[in-house]
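Peer 1: give me a model of this one.
(one chain, ligands or ions: 2)
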Amino acid sequence: MFLVHPEKNKTDIKLFGAVQISDTAFLVYKNSEGKVVLKTGRDEKLQKRAVKNMLAKNPAVKRLLNKYKIKPSINTKTLKELAGGHMNETCNIAKGVYSILAENLNPEIDRAVVKEASMLHDLGKILIPSKILNKPAKLNSKEREIMNIHSTLGYELLKSQGVKKEILELIKYHHQNLNKSGYPEFEEDLPQNLPIGMQIVSIADKYSALREARVYRRKLTRIESLLILYKEVREGKIHRSVYEALVKYASLCDSDV
Ligand SMILES: [Fe+2]
Ligand SMILES: [Fe+2]
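Peer 2: Ligands and ions are numbered 1, 2, ... in the order given. Modelled structure (predicted):
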């Protein structure tokens, strides 16, 4: 494996994963000769090339965009913000939650899969129009429908890149709940119960999002965020043990109230 500057190599470039080094997320790109380069979300030229490649190789993404009348433009600003912020933070929280979870749950978890899926989970947002992504108000039902395809878009984009099936599944279902009330619909060939890795990515994503300011609301405090998620435990959306691990993580690592 060699590390090269991608711009010096004009061959096909693939985004095929993500790694975290010293708490910083890097996207992993590979060219057709198998040479690998790590990048933060900042290299917009490279991202555009990689996403164009993914689009060219995947008719399912084009079909999805056509169905929702979305112009296939690539929102690299979003990836820059997500890679350096929310996706990296989701990974930190997910790592904390799986470390704290009871011993009997741990053997079921593939930590590397959880880590990589949490770092890539919102990749599909780069194809969501920014007027929807950054709308400073509640989305209407049509906009919500479009927003909700980001998990399927991320899955489809990465499917053609040789990303492991287990990681792809976690990306596709990171908005799915324990009682299957989330989206997209959980497929029949998957295990009846939501895999524990999926639940970890999901709760880490929710907590990370609540703890960040959004264009339509302020950043919520630790207690406010945990109370919202506790309501979801009572509604059957989140497993109590996963929630308890998050509470422990938050009290140890989140210094805010
Ligand atoms: Fe998401
Ligand atoms: Fe997210």
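Peer 1: wait, Glu156 touches Arg63, no?
Peer 2: No - Glu156 is beyond contact range of Arg63, at 9.2 Å (criterion: CB atoms under 8 Å). Heads up, the C-betas are built off the backbone N, CA and C, glycines and all.
Peer 1: in terms of neighbours, single out the busier of those two.
Peer 2: Glu156 (25 against 10; other CB atoms under 10 Å).
Peer 1: my guess is the more buried one is in a helix, correct?
Peer 2: Yes - Glu156: assigned to a helix according to DSSP: H, G, I helix; E, B strand; the rest coil.
Peer 1: for the stretch 151-257 of the chain, just list every one of the helices.
Peer 2: 165-172, 196-210, 222-234, 240-253 (DSSP state H, counting those that start in this stretch).
Peer 1: show me what from the stretch 1-150 of the chain comes close to ligand 2.
Peer 2: Within the stretch 1-150 of the chain, the positions near ligand 2 by CB under 5 Å from the ion are Asp122.
Peer 1: contact partners for the residue of the stretch 1-150 of the chain found nearest ligand 2?
Peer 2: Nearest to ligand 2, among the residues of the stretch 1-150 of the chain, is Asp122, at 4.2 Å (CB to the ion). The contact partners of Asp122, by CB atoms under 8 Å, 6 or more residues apart in numbering, come to 82, 86-87, 150-151, 154, 174, 205.
Peer 1: mind pulling up the pLDDT for it?
Peer 2: Note for Asp122: predicted pLDDT of 93.
Peer 1: that one and Glu224, how far apart?
Peer 2: Using CB to CB, to the nearest Å, Asp122 is found at 22 Å from Glu224.
Peer 1: try Ala83
Peer 2: 26 Å.
Peer 1: the two: who's more crowded?
Peer 2: Ala83 (24 against 14).
Peer 1: what's the helix or strand for the more buried one?
Peer 2: helix 76-84 (DSSP states H and E).
Peer 1: any of the contacts of Asp122 buried? List them.
Peer 2: Taking 16 or more other CB atoms under 10 Å as the criterion, what is buried in these is 82, 86-87, 150-151, 154, 174, 205.
Peer 1: so which of those residues is the closest to Ser241?
Peer 2: Taking CB to CB as the measure, Ser241 lies nearest Asp205 of those, at 17.7 Å.
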